[in-house]
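Q: no FASTA, just this:
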Ligand code: AMP
Ligand code: MG
């Protein structure tokens with residue numbers, strides 16, 4: 001069992017693992033998080049794999065300093081500044097415009113990114129040690145309760161995480177409050193900071209449906225979804241004439257005659273494929289093609305999550 005107490009040695013191990021593509025569970029003041037370096041797409045794909053989610057869910061990006069926000073967000077509205085001033089570090093997550101360098105798998109293809117600065121000393125020490133933002137959802141398998149003790153994580157994820165840092169029971173035991181700033185301040189998820197406290201700073205919050213982005217990723221008009229019509233089809237069965245003005249998204253095979261092609265993993269590795277998935281869709285979508293032909297992906301592990309996303313895109 002990769003369980004270690006959050007001593008300075010434990011924290012140093014966590015930092016070394018995270019810098020080298022590891023996935024580490026650590027305590028925050030809300031619940032335990034399962035983190036990876038935000039820039040490391042394969043490590044982020046492993047988070048989804050470990051959680052066993054049948055679909056992608058945008059992850060919260062954790063920062064140690066206010067100045068790190070600019071690394072992941074392209075713009076910080078005035079209302080966000082006021083909330084940062086009042087509530088950070090702490091259990092408030094802000095949804096901001098995504099910086100183009102943030103990998104698509106972190107935001108599940110959305111044009112926005114969720115950011116927070118945790119106050120837990122262990123989470124902060126890890127972030128400072130890594131020196132870069134970490135993408136981290138709650139460290140629970142899909143559909144389970146959020147973990148408030150290291151044992152919860154160990155029982156559910158066991159040896160599949162590279163390291164579980166035990167920092168005792170989390171303080172709030174409740175997820176962060178998620179607020180979007182634009183077009184108007186809105187409450188996306190009630191959490192550890194009362195909505196009333198936030199309203200005292202930015203005025204009345206619009207109450208949007210909880211987890212709307214997750215129930216319907218890409219279906220909200222403000223969020224990214226491919227504009228190019230997409231169909232799921234075995235590209236080998238598509239005629240040469242039909243290929244000429246279309247793009248193809250495949251797992252490992254190369255298909256001739258398409259205007260553009262993206263192969264997700266030459267080795268057919270689903271983790272590598274998931275790591276490249278959203279960015280490949282983005283690139284194909286930007287080419288102004290008539291259509292995207294997506295090859296069906298294996299319906300297990302991360303293939304399921306990618307198929308879920310393709311089916312939504314095909315249904316538009
Ligand atoms: P957690 O499991 O507590 O880390 O929470 C992750 C949740 O943050 C997701 O399930 C979403 O509800 C929310 N979230 C993350 N990114 C975004 C975003 N860009 N827009 C809206 N909600 C987001
Ligand atoms: Mg969660």
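A: Good, I have the coordinates. What you are looking at is a predicted structure, and each value in this text was computed from that prediction instead of being measured. Residues are numbered from 1 along each chain as shown. Ligands and ions are numbered 1, 2, ... in the order given.
Q: going forward, measure contacts between C-alpha atoms and count neighbours the same way
A: Noted.
Q: which bits of the stretch 51-200 of the chain sit near ligand 1?
A: 57-60, 95, 107, 110, 112-114, 136-138, 175 (CA under 6 Å from any ligand atom).
Q: name the SS class of residue 95, please.
A: Following DSSP: H, G, I helix; E, B strand; the rest coil, residue 95 is assigned to strand.
Q: was I right about it contacting residue 110?
A: No: between residue 95 and residue 110 there is no contact under CA atoms under 8 Å: 10.7 Å.
Q: so which of the residues of the stretch 51-200 of the chain next to ligand 1 sit within strands?
A: Among these, the ones falling in strands (DSSP state E) are 60, 95, 112, 113, 114, 136.
Q: number of residues surrounding whichever residue of the stretch 51-200 of the chain sits closest to ligand 1?
A: Across the stretch 51-200 of the chain, the shortest distance to ligand 1 (CA to the nearest ligand atom) belongs to residue 137, at 3.2 Å. Neighbourhood size, residue 137 [other CA atoms under 10 Å]: 24.
Q: rewinding a little: buried ones among the residues of the stretch 51-200 of the chain next to ligand 1?
A: 57-60, 95, 107, 110, 112-114, 136-138, 175 (16 or more other CA atoms under 10 Å).
Q: which members of the residues you listed are the farthest-apart pair?
A: Put simply, by CA to CA the two of those set farthest apart are 110 and 175, 20.8 Å from each other.
Q: the stretch 101-250 of the chain: strands as residue ranges?
A: 112-116, 134-136, 163-166, 177-180, 186-189, 206-207, 230-232, 246-250 (DSSP state E, counting those that start in this stretch).
Q: return the member of these having the minimum mean pLDDT.
A: Within the strands of the stretch 101-250 of the chain, confidence is poorest for strand 206-207, with a mean of 90 (mean pLDDT).
Q: sheet-wise, list the partners of that strand with their directions.
A: strand 186-189 (parallel) (DSSP bridges).
Q: list the buried residues for the strand it pairs with?
A: Within strand 186-189, the residues scored as buried using 16+ other CA under 10 Å are 186, 187, 188, 189.
Q: phi first, then psi, for residue 47.
A: Main-chain torsions, residue 47, degrees, to the nearest 10: phi -60, psi -50.
Q: what sits against the closest residue to residue 166 other than its chain neighbours?
A: Closest residue in space to residue 166, ignoring its immediate chain neighbours: residue 5 at 4.6 Å, by CA to CA, 6 or more residues apart in numbering. Residue 5 makes contacts with 165, 166, 167, as judged by CA atoms under 8 Å, 6 or more residues apart in numbering.
Q: okay, residue 5 and residue 158: tell me how far apart.
A: Here residue 5 is placed at a distance of 15 Å from residue 158 (CA to CA, to the nearest Å).
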